[in-house]
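S.K.: below are the sequence and a predicted model for it; my questions follow.
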Amino acid sequence: MIKSRNLSFRYPDAKTDTLHNLNFSVSKGALICLLGSNGSGKSTLLTLLAGLYTDFQGVLLIGGFDSGREQKQVRGLCALVPQNPDLYLLGSTLREDMCLGLSYKREDKQIDLRVGQLCAALGLSGLEDVPIQTLSFGQRRKASLASALMRNPSLFLLDEPFSGLDYDAQLHLRRMIIETRQQNITQVMATHDLDMAGDLADDFILLKDGTILAQGGRDTVFPRLSQANVRPPCWWLHGETGPQFI
């Protein structure tokens with residue numbers, strides 16, 4: 001689904017690369033966690049994967065499309081959910097936001113059914129027609145996830161999805177991520193919360209100062225987390241294979 005070769009990116013007027021010489025690939029249907037401290041390049045990489053930045057060096061293929069020259073096709077495959085939900089939500093109500101860009105009429109039962117299913121999965125049932133601005137921060141986070149999934153993306157990009165959510169909402173999100181994986185949707189998640197997400201990923205990419213410090217499975221990446229100032233999950237430190245508090 002994703003192939004990157006010698007990928008580098010520098011913001012305009014910057015003196016150094018934000019991302020430098022990244023080489024990795026992601027299979028269709030896989031779930032990958034991007035790890036790294038603040039400023040390591042995680043959000044920038046997600047933005048590149050979404051086809052929003054095209055002025056990069058190297059090769060980046062998304063679903064077989066060249067992200068530098070075929071950004072329209074790439075953007076049609078992807079849904080990027082930023083850490084701040086207010087950057088994503090544009091509708092006046094949750095239902096309106098979820099249906100933006102769709103040929104939607106209130107009598108369209110199939111779309112209404114999909115809206116109801118996603119809202120139920122994320123604990124938003126009953127909030128479909130309330131004004132977006134009246135929702136709490138956590139509810140808006142979940143609303144942005146619901147709106148992104150409404151478009152049936154082939155590549156789902158999540159920037160710190162567990163941030164700002166209470167425990168119940170985090171469990172809703174875990175279930176949604178697992179269900180999305182079962183639909184063979186490729187997912188790339190930037191996260192600091194390995195306690196909640198570390199057992200879900202197939203592989204990890206650990207970034208430090210815009211370069212890949214380590215990539216692969218838990219046994220390869222987790223022992224090197226401290227080198228990138230990333231806290232290992234408590235369950236891993238205690239020899240467990242996943243969180244015991246769920």
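M.R.: Here it is on my side, so go on. All values reported here derive from a predicted model rather than from experimental measurement. Residues are numbered from 1 along each chain as shown.
S.K.: find the centremost residue of this protein, please.
M.R.: residue 158 (1.4 Å; CA atoms, centre = their mean).
S.K.: name the element that one belongs to?
M.R.: According to DSSP states H and E, residue 158 maps onto strand 155-159.
S.K.: that strand - what's its average pLDDT?
M.R.: Strand 155-159 shows a mean pLDDT of 95.
S.K.: helices and strands around the helix or strand that comes right after it, which ones?
M.R.: Using DSSP H and E, the helix or strand that follows strand 155-159 towards the C-terminus is helix 167-182. In this structure, helix 167-182 makes packing contacts with helix 109-121, helix 137-149, strand 186-190, helix 194-197, judged by 3 or more CB pairs under 8 Å, 6 or more residues apart in numbering; DSSP states H and E. The C-beta positions use only the backbone N, C-alpha and C, and glycine is treated the same way.
S.K.: using PDB, list the CA coordinates for stretch 73-80.
M.R.: The C-alpha trace of stretch 73-80 is given here as PDB (Å, rounded to 0.1, in the frame of the first residue of the first chain):
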ATOM      1  CA  GLN A  73      -5.600  10.000  -6.800                       C
ATOM      2  CA  VAL A  74      -3.600   9.700  -3.600                       C
ATOM      3  CA  ARG A  75      -5.900  12.100  -1.700                       C
ATOM      4  CA  GLY A  76      -8.900  10.100  -2.900                       C
ATOM      5  CA  LEU A  77      -7.500   7.000  -1.200                       C
ATOM      6  CA  CYS A  78      -6.700   8.600   2.200                       C
ATOM      7  CA  ALA A  79      -8.300  10.000   5.200                       C
ATOM      8  CA  LEU A  80      -6.100  12.000   7.600                       C
END
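S.K.: now that stretch: buried residues?
M.R.: 74-75, 77-80 (16 or more other CB atoms under 10 Å).
S.K.: how about those in JSON lines, adding pLDDT, secondary structure and distance to residue 34?
M.R.: Supplementary listing: the buried residues of stretch 73-80 in JSON lines, determined by pLDDT from 0 to 100; DSSP: H, G, I helix; E, B strand; the rest coil; distance: CB to CB, whole Å:
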{"residue": "74", "pLDDT": "93", "secondary structure": "helix", "distance to residue 34": "18"}
{"residue": "75", "pLDDT": "91", "secondary structure": "helix", "distance to residue 34": "20"}
{"residue": "77", "pLDDT": "93", "secondary structure": "helix", "distance to residue 34": "18"}
{"residue": "78", "pLDDT": "93", "secondary structure": "strand", "distance to residue 34": "15"}
{"residue": "79", "pLDDT": "92", "secondary structure": "strand", "distance to residue 34": "16"}
{"residue": "80", "pLDDT": "92", "secondary structure": "strand", "distance to residue 34": "13"}
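S.K.: right, I'll call it a day here.
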